[in-house]
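Enquirer: Got a predicted structure plus its sequence, pasted below:
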Amino acid sequence: MTESLDAIPDTFVSVDRAEGAVSFVVDESVYPLDAIYGATFTFLDRCFVFLGRGEPGQVVITLSAKKPPVEDDELRGWIGELANELLACAWRGRILEQNRATIEAVTMQAIGGAMGPPSLDELEDFDFSEEPFDDPLGIAMSWEEKYGKKEKKGESADDSGEENA
Amino acid sequence: MNLPIFHDVSLEALDARQPAFFRFRQLPMAPDKVVLSNLEGRWLVLDKADFQTFARGEVEEGSELFTKLRQRNFLRAYYDVPAAAEMIRARREFVGAGPNLHIMVITLRCNTTCVYCHASRANMDQVQTDMTKEIAEQSVDFILQSTNPAVTIEFQGGEPLVRFDLLQHVVEYAHEKNEVAQKELDFTLVTNLSLMDEKKLDWLIENRVQICTSIDGPQDVHDKQRKLPKASAHGEAIKWMKRIDERYREMGLDETLYHVEALVTTTRPILDRWKELVDLYVDLGCRALFLRPLDPFGWAEKTARLIEYPRAEYIEYYRNAVDYMIELNKQGVEILERYAAIFLTKILSGVDPNFLDIRQPSGAGIGQLAYSYDGTIFTCDEGRMLHESGDDTFAIGHVGTSKYRDVVGHETVRAVVVAGQLEGQADCVNCPYVPYCGIPPVHSHRIQGSLLGRMRESSLCQVHKGIQDYLFEKLATGDEETLQILEKWTTIRPRDHFVHVPAGAE
Ligand code: SF4
Ligand code: SF4
């Protein structure tokens, strides 16, 4: 049964007291999907989290008690915190985009400084023959490499000289 | 006209009065004042009218305000990029130094029962929470792999004096292994002092182990929340503090620098007894008082009903206590507040005192590591406290099986380092205190369920903001003597006596 909660606008929020669940309809043009994932993830230790489709362009988040019933105060707390965390995640995402270079530089220096250079033993364990990364789907391959299209004469890449020599 | 940075841009194109990037905040308790800081952490406190003129880009060229703004790098046309870059670098000097603080929990057992015990201590019969000799040695071997040339081993608990034999072994073993590692070593014992005796003290003094304790206020407050069976926890702690200080004096150590460090955990009953608290610390010969609020770890969660308080009340207590400390300083009494000293050092001198919990990134994993009695390694002391409450988020390895580089390069450490940079935080990006601030992600994780947290609702942000509001208010409105006292609080005097320089380096 759909009910409402005091002080929470029912335009977005509906409550099912019997199930100990509260649902929030999120407009995807307001909150990016990353923010929805980030915000809902912080609830995993408190309740079960369900994500689903609503109307086109909407995501429905349902937070459901692990052990119902729960008090209205708790449901109100969940939904209020979810709304705040959604906003924090959405805005943080934009800020991180803008400050990514600084944050990455500091992180690399901090971790690199704490780790120090690898020891000789560690270098011995290192497999230098390994490809830089696995690419089983061939995503990083050129179209020609992947589908074996023959190069036309005179179109070879600059670094292909060794093979030709 | 001389354009130091934008050599190829003329002043017609760039109005000399336009502001460079800045953040601002109106001081809540002095609303006619506005704090502004720039990217590199230079700051000014302006009257509201001056601030409005500045923000509109209408400051008269050549005026006193214009000169001040130009000197502090607040004008776009004169913005000195190399100077700003150098200042940002100086503020982050510590980044890349590697873990310096290593917290060893040699036992979780303790003979005292504190209402808030953040460590969730074990009963005295739970000997299974003692570290074995083997794990203690593996911990030291691990610690000495740190890339930091200086290493502090801090004994925590439980009560480390319960296993004094193991503490002695760790110190001796560390010295032995340090003949190869060649680190600058020091040792700190965090103890309630109730198991101290003359023999142990002789050994600690001889081996230059620094001693810290807790004093939560006058006897009635302290004993009510720190219960020692059949004795007064307060009485025992004070008795030994005096005795240890006496020993330092007998050795000819400078008593203004060498004495037992005491920490207060602020609980509700002490909030309106700030004057008694400050007087007590002064009477004990302490030169510093760290007005720490309650942390949300360990038993503090269960006993919150009795000891917690709204952070606005904490800020009032803080302001009263520090006002009183400033007055005492004016009367010739030397006592400083540690939070104020940390923030003022960053604000006034532009360098970071490297206090691990108020820096960016925070010290977790890259500046400190904690070793539990079973050998599990955590990013920080609070991480191991959470482990005792069933949350293993901050466990990053084991001294018996993990490699040093895997531990400090662990994905949790990387996540914590990213989350600990407030330039990525909503709210902080617009806060003028961001160049001086720091929030440990473990705190946000604990109270808000995410490493990043939401500062607007964070109790720790509220504390840091309130303290910095107070300090900027003092800097803007304090008399000459107050400013000199605050400046003096930024002087860091190292305690060289406790540093063990490796043989050959002396
Ligand atoms: S806070 Fe320290 S002294 Fe108090 S119970 Fe916990 S471990 Fe023991
Ligand atoms: S944590 Fe709070 S006080 Fe600190 S920079 Fe962020 S918003 Fe400002």
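Expert: Okay, I see it. Ligands and ions are numbered 1, 2, ... in the order given.

Enquirer: Does residue A:95 touch residue B:425 like I think?
Expert: Yes - contact criterion CB atoms under 8 Å: residue A:95 and residue B:425 qualify, at 7.2 Å. Where you see a C-beta, it was placed from the backbone N, CA and C, and this is true even at glycine.

Enquirer: Compare the two (neighbour count), which wins?
Expert: residue B:425 (29 against 18; other CB atoms under 10 Å in any protein chain shown).

Enquirer: For that one, what are phi and psi?
Expert: As for residue B:425, its main-chain torsions (degrees, to the nearest 10) stand at phi -100, psi 130.

Enquirer: quick one: low-confidence parts of chain A?
Expert: A:1-2, A:126-165 (pLDDT under 70).

Enquirer: Strands of that one, residue ranges please.
Expert: Ranges of strands within chain A are A:13-16, A:21-27, A:47-53, A:58-65, based on DSSP state E.

Enquirer: Next, count neighbours for residue B:139.
Expert: 27.

Enquirer: Let's test this: mean pLDDT of the helix or strand containing it, rounded?
Expert: Of the helices and strands defined by DSSP states H and E, residue B:139 is found in helix B:133-143. For helix B:133-143, mean pLDDT rounds to 98.

Enquirer: Whatever helix or strand residue B:82 lives in and chain A in contact?
Expert: Assessed by DSSP H and E, residue B:82 sits inside helix B:81-91. No - with CB under 8 Å from any CB of the partner chain as the criterion, chain A is not reached by helix B:81-91; the gap is at least 9.0 Å.

Enquirer: near ligand 2 at all, that helix?
Expert: No - using CB under 6 Å from any ligand atom, helix B:81-91 stays clear of ligand 2, coming no nearer than 13.5 Å.

Enquirer: measure residue B:35 to residue B:25 for me?
Expert: Using CB to CB, to the nearest Å, one obtains 5 Å as the distance from residue B:35 to residue B:25.

Enquirer: Just confirm yes or no for stretch B:34-54 near ligand 2.
Expert: No - Stretch B:34-54 stays clear of ligand 2 (CB under 6 Å from any ligand atom), getting no nearer than 10.1 Å.

Enquirer: Only the buried residues of that stretch, if you could.
Expert: Neighbour counts over stretch B:34-54 (16 or more other CB atoms under 10 Å in any protein chain shown) mark B:34-46, B:50-51, B:53-54 as buried.

Enquirer: Kindly report the same for stretch B:456-473.
Expert: For stretch B:456-473, by 16+ other CB under 10 Å, it's B:457-473.

Enquirer: Which ones among those also lie next to ligand 2?
Expert: Applying CB under 6 Å from any ligand atom to those, those adjacent to ligand 2 are B:461, B:464, B:465.

Enquirer: For residue B:423, which non-adjacent residue is closest in space?
Expert: Nearest non-adjacent residue to residue B:423, counting by CB to CB, 6 or more residues apart in numbering or on different chains: residue A:99, 4.7 Å away.

Enquirer: Tell me if I'm right that the one you found and residue B:422 touch.
Expert: No - counting by CB under 8 Å, residue A:99 stays clear of residue B:422, with 10.0 Å between them.

Enquirer: Between these two, point out the one with more neighbours.
Expert: Legend: neighbour count by other CB under 10 Å for residue A:99 and residue B:422, higher for residue B:422 (23 against 16).

Enquirer: residues touching that one, list them.
Expert: The contact partners of residue B:422, by CB atoms under 8 Å, 6 or more residues apart in numbering or on different chains, come to B:360, B:428, B:429, B:434, B:437, B:438, B:439, B:455.

Enquirer: Could you report the neighbour count for the fifth one?
Expert: Neighbours of residue B:437 under the rule other CB under 10 Å: 23.

Enquirer: Assumed it was part of a strand.
Expert: No - Residue B:437 is assigned coil when assessed by DSSP: H, G, I helix; E, B strand; the rest coil, not a strand.

Enquirer: in a strand, that's where residue B:151 is, yeah?
Expert: Yes - counting by three-state DSSP, residue B:151 is part of a strand.

Enquirer: Quick check: closest non-adjacent residue to it.
Expert: residue B:183 (4.6 Å).

Enquirer: What's the local residue count around that neighbour?
Expert: Neighbour tally, residue B:183, other CB under 10 Å: 23.

Enquirer: Kindly report the same for residue B:341.
Expert: 19.

Enquirer: Isn't it up against residue B:490?
Expert: Yes - counting by CB under 8 Å, residue B:341 does reach residue B:490; the two are 6.4 Å apart.

Enquirer: Now do the most centrally placed residue in chain B against residue A:51, distance only.
Expert: In chain B, the centroid-proximal residue (CA atoms, centre = their mean) is residue B:355; its distance is 4.2 Å. Using CB to CB, we find residue B:355 at a distance of 41 Å from residue A:51.

Enquirer: do residue A:101 as well
Expert: 32 Å.

Enquirer: Counting neighbours, go ahead and name the busier of the two.
Expert: Set residue A:101 next to residue A:51 and count neighbours by other CB under 10 Å: residue A:51 wins out with 13 against 8.

Enquirer: So in terms of bridging, what pairs with that one?
Expert: Note on residue A:51: beta-bridge partners by DSSP bridges are residue A:61.

Enquirer: Which residues of chain B lie near ligand 1?
Expert: B:110, B:112, B:113, B:114, B:117, B:119, B:121, B:157, B:158, B:159, B:192, B:226.

Enquirer: Now that we have these, which of them are buried?
Expert: Buried among the residues of chain B next to ligand 1 by 16+ other CB under 10 Å: B:110, B:112, B:114, B:117, B:119, B:121, B:157, B:158, B:159, B:192, B:226.

Enquirer: centroid residue for chain A?
Expert: residue A:34 (5.1 Å).

Enquirer: show me what contacts that one?
Expert: Taking CB under 8 Å, 6+ apart as the test, what residue A:34 contacts is A:89, A:93.

Enquirer: Distance of it relative to residue B:262?
Expert: For residue A:34, the distance to residue B:262 equals 47 Å [CB to CB].

Enquirer: Kind regards, and thank you for your time.
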